[in-house]
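1. quick one: sequence plus predicted model below, questions after.
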Amino acid sequence: MSKKSVVILGSGNAALCAGIAALEAGANTTILEKAHAAEAGGNSRYTAGAMRFAYSSRDEILALLRDPSDSRLQDTEFGAYPKEKFTADMLHFNEGRSLSDLQHRLIDKSYETMVWLTTHNIRFDPIYSRQTFEKNGKYVFWGGLTLESKGEGVGLIDAEMQEFDRLGGHIRYQADCRALLVENGAVVGVQFETPAGSEALGCDSVVLACGGFEASTELRRRMLGERWARAMVRGTPHNTGAGLTMAQKAGAQLFGKLDGCHAVPMDRHMPNYGNQAIPFIERKNYRKICYFLGVMLNADGRRFVDEGQNFRNYTYAQFGRAILEQPGSFAWQVFDQKVASLLYDEYRFRFASSVEAGTLEELVHLLDGVDGASALKTMQEFNEAVDETLAFDPSSLDGRRTQGLAIDKTNWANRLDTPPFRAYPVICGITFTYAGVKIDLSAAVLDQSGAPIPGLYACGEMVGGIFFDGYPGGSGLTSGAVFGRLAGQSAAER
Ligand SMILES: Cc1cc2nc3c(=O)[nH]c(=O)nc-3n(C[C@H](O)[C@H](O)[C@H](O)COP(=O)(O)OP(=O)(O)OC[C@H]3O[C@@H](n4cnc5c(N)ncnc54)[C@H](O)[C@@H]3O)c2cc1C
């Protein structure tokens, strides 16, 4: 029997997992990537490589590690992140829906897929710098997120590309896919533009893995709302919704939270796409997500969220939107010296914008665009409202809170009383969009009637209905890996 041929659109984590799985299943596999080689890998290359998965024991973590002899491991408490907790975390963001079969599949296959990745030479390190706090001489993990790929997103994509290549996959860069070729209702190939002109490639199955529409200002406006034109784009410039447009033309159903997206507090002076002149590994550092250690003030000098509502893994993807909705769409994060050593490296990033002062009175004059008198009053009232009965413990939901404010801070509330005071200006950076095509449990794309479109599969950001009102941090790469692997297998076996 002749080999099946699979064409995959995109070269991010979802595409490469699909490619590796299709090759494993014996298909001739080609990736078509819009970007040139240096900008390939999509949003996945920009990531910290953090992946969320269910695990029940320390041994399950150790089995995934690049360096099981790391001396810190003996003093590390990984705890456990059972499927029940992952389920509860997903339910929290599901706007009252029960979990769909796809969401259950993400959770159920999360650990197995991590193991599968290790069989393909992808290795993981504990995220000591951002997911642990030291407690009684131990590194204590919090928030259900423990591992990142070696070398973060750059390392992940490089390792997956190497594996795809080793297994015999082909990749074409600067292949900007524009249309799916359809015959008798089945997808039979792709038309794409190259610097040399238009081309078509026939195949048995196509896997769409070409991201969402966050990099299209026009689609952001239309789908998310007018103010989203102002959001900065954190990742690749290439995810402009072409996959969704092509799929819809081929009859696919648009599905999920149509106006939903992942958006994060970012440096107010960040360039779009995180400054392409600097290495990928640095670009994520425009992010500013330690608000849980201080307070956030808007232009009116007021707080507008409970900064300590939950571990930041569960709030950061929503707080970008909260900032966008403030007057002028910006805010300032304020910290005192007590927490300075707990701030992530991104606050020491060479391009981080900040101001510093010896008193709160001096600081408010430096907060560009803010009503200083109101900001001072807010911070003074905040200080008076902090209840210090419970001890501050950033590795747990410590319950140390304010009492009696219009918006209380319900964990990690510390008085702003130790100079110097530092403040960081932030805006909304969009990460990726939640709407996408509807797939079934074989990753086949469904049409308006709910029937699979023969020959068409999808994975990664292209899939709708995985995330609704938010996102437990680290689930995007896991979703890409779980459904990428599935899409690759299904496409090869069709
Ligand atoms: C700064 C940043 C940090 C992040 N950190 C994390 C993290 O630590 N953990 C986590 O789980 N998630 C993280 N995310 C989210 C994560 O990046 C996504 O969930 C995931 O990478 C999506 O993978 P994907 O393969 O679906 O899409 P992508 O990786 O974006 O790949 C899509 C690819 O399709 C290509 N493409 C687009 N249009 C076409 C076309 N017409 N023809 C051909 N190719 C096309 C693009 O060039 C791109 O290469 C982060 C995102 C950003 C931006």
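-> Nice, thanks for sending it over. Numbering: from 1, shown residues only.
2. the closest residue to the ligand within the stretch 251-400 of the chain: how many residues sit nearby?
-> In the stretch 251-400 of the chain, the residue that lies nearest the ligand is Lys284 (4.3 Å; C-beta to the nearest ligand atom). Placement of C-beta: from N, CA and C, glycine included. By other C-beta atoms under 10 Å, 20 other residues sit near Lys284.
3. how about Thr236?
-> Considering only other C-beta under 10 Å, Thr236 is surrounded by 26 other residues.
4. likewise Gly358?
-> Gly358, neighbours per other C-beta under 10 Å, totals 10.
5. give me the nearest residue to it, chain neighbours excluded.
-> Take Gly358 and drop its neighbours on the chain: the residue closest to it by C-beta to C-beta, 6 or more residues apart in numbering is Pro419, 4.8 Å away.
6. roughly how far apart are that neighbour and Arg221?
-> To Arg221, Pro419 is 43 Å away according to C-beta to C-beta, to the nearest Å.
7. ok, now Glu134?
-> For Glu134 relative to Arg221 (C-beta to C-beta), the value is 45 Å.
8. low pLDDT regions in the stretch 1-150 of the chain?
-> 1 (pLDDT under 70).
9. any idea how far Ala481 is from Glu39?
-> From Ala481 over to Glu39 the distance is 22 Å, taken as C-beta to C-beta.
10. the helix or strand where Asp89 lies vs the ligand: in contact?
-> Element membership of Asp89 [criterion: DSSP states H and E] is helix 83-92. No - using C-beta under 6 Å from any ligand atom, helix 83-92 stays clear of the ligand, coming no nearer than 13.3 Å.
11. which residues touch the nearest residue to Cys428 once chain neighbours are set aside?
-> Leaving aside its sequence neighbours, Cys428 sits nearest to Leu324 (C-beta to C-beta, 6+ apart; 3.8 Å). Under the criterion of C-beta atoms under 8 Å, 6 or more residues apart in numbering, the neighbours of Leu324 are 227-228, 230-231, 263, 427-428.
12. quick one, phi/psi of whichever residue of the stretch 301-450 of the chain sits closest to the ligand?
-> As assessed by C-beta to the nearest ligand atom, the ligand sits closest to Thr431 within the stretch 301-450 of the chain, at 4.6 Å. The phi/psi pair for Thr431 (degrees, to the nearest 10) reads phi -100, psi -60.
13. and the nearest residue to Arg230 once chain neighbours are set aside, what does it touch?
-> Spatially, and ignoring its direct neighbours in sequence, Arg230 is nearest to Ser329 (5.4 Å; C-beta to C-beta, 6+ apart). Shown in contact with Ser329 (C-beta under 8 Å, 6+ apart): 227, 230, 323, 427-428.
14. okay if I get those as CSV plus secondary structure, neighbour count and pLDDT?
-> Shown next, in CSV, are the contacts of Ser329 (DSSP: H, G, I helix; E, B strand; the rest coil; neighbours: other C-beta atoms under 10 Å; pLDDT from 0 to 100):
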residue, secondary structure, neighbour count, pLDDT
Arg227, helix, 14, 96
Arg230, helix, 15, 95
Ile323, helix, 27, 98
Ile427, strand, 25, 98
Cys428, strand, 27, 98
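15. out of these, which are close to the ligand?
-> Answer for those near the ligand: none qualify (C-beta under 6 Å from any ligand atom).
16. tell me the one of these nearest Leu397?
-> Using C-beta to C-beta, Ile323 comes nearest to Leu397 of these, at 23.0 Å.
17. just to check, that closest one is in contact with Val426?
-> Yes - here Ile323 reaches Val426: they are 6.1 Å apart, a contact under C-beta atoms under 8 Å.
18. need the residues touching each of these two.
-> 265, 296, 330-331.
19. which one of those is nearest to Leu446?
-> Using C-beta to C-beta, these come closest to Leu446 at Pro265, 35.5 Å.
20. got phi/psi on Ala18?
-> phi -60, psi -40.
21. tally of neighbours for the closest residue in space to it that isn't next to it in sequence?
-> Distances taken as C-beta to C-beta, 6+ apart place Gly488 nearest to Ala18, at 3.6 Å, with adjacent residues excluded. Neighbour count for Gly488, taken as other C-beta under 10 Å: 32.
22. ok, Gly488 - contacts?
-> Counting by C-beta under 8 Å, 6+ apart, Gly488 makes contact with 6, 8, 17-25, 29, 207.
23. burial measure for the closest residue to Phe311 other than its chain neighbours, as a count.
-> Closest residue to Phe311 apart from its sequence neighbours, by C-beta to C-beta, 6+ apart: Gly143 at 4.0 Å. Burial of Gly143 is recorded as 22 neighbouring residues (other C-beta under 10 Å).
24. export stretch 146-159 as PDB, just CAs?
-> Only the C-alpha atoms of stretch 146-159 are listed here, as PDB (Å, rounded to 0.1, in the frame of the first residue of the first chain):
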ATOM      1  CA  THR A 146       6.000  22.600  37.400                       C
ATOM      2  CA  LEU A 147       7.900  22.000  34.200                       C
ATOM      3  CA  GLU A 148       9.100  24.000  31.200                       C
ATOM      4  CA  SER A 149      10.900  22.600  28.100                       C
ATOM      5  CA  LYS A 150      14.700  22.800  28.100                       C
ATOM      6  CA  GLY A 151      15.600  26.100  26.600                       C
ATOM      7  CA  GLU A 152      12.000  27.400  27.000                       C
ATOM      8  CA  GLY A 153      10.000  28.000  23.700                       C
ATOM      9  CA  VAL A 154      13.100  28.300  21.600                       C
ATOM     10  CA  GLY A 155      14.400  25.000  23.000                       C
ATOM     11  CA  LEU A 156      11.100  23.300  22.500                       C
ATOM     12  CA  ILE A 157      10.700  24.300  18.900                       C
ATOM     13  CA  ASP A 158      14.300  23.500  18.000                       C
ATOM     14  CA  ALA A 159      14.000  20.000  19.600                       C
END
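25. and that stretch, what's buried?
-> Neighbour counts using 16 or more other C-beta atoms under 10 Å place 146-159 of stretch 146-159 among the buried residues.
26. list the buried residues in stretch 198-217.
-> Residues of stretch 198-217 classed as buried: 201, 203-217 (neighbour count, 16+ other C-beta under 10 Å).
27. so between Ala481 and Glu39, which is more surrounded?
-> Between Ala481 and Glu39, counted using other C-beta under 10 Å, Ala481 has the larger neighbour count: 32 against 19.
28. that one and Tyr111: what is the separation?
-> 11 Å.
29. Val140 and Phe78: what is the separation?
-> Distance from Val140 to Phe78, by C-beta to C-beta: 9 Å.
30. looking at the contacts of Gly488, which is nearest Thr194?
-> Nearest to Thr194 out of the contacts of Gly488 is Ile8 (C-beta to C-beta; 16.6 Å).
31. so the closest one is in which element?
-> Using DSSP H and E, the element containing Ile8 is strand 5-9.
32. can you list contacts of that strand?
-> 15, 18-19, 22, 27-32, 177, 189-190, 201-210, 243, 488, 491-492.
33. quickly note the distance from the residue nearest to Arg230 to Ala229.
-> Taken as C-beta to C-beta, the span from Ser329 to Ala229 is 10 Å.
34. just Lys409 next, same as before
-> 31 Å.
35. compare the shared contacts of Ile323 and Val426 and tell me which is most surrounded.
-> Most crowded among the shared contacts of Ile323 and Val426, counting by other C-beta under 10 Å, is Ala331 at 33 neighbours.
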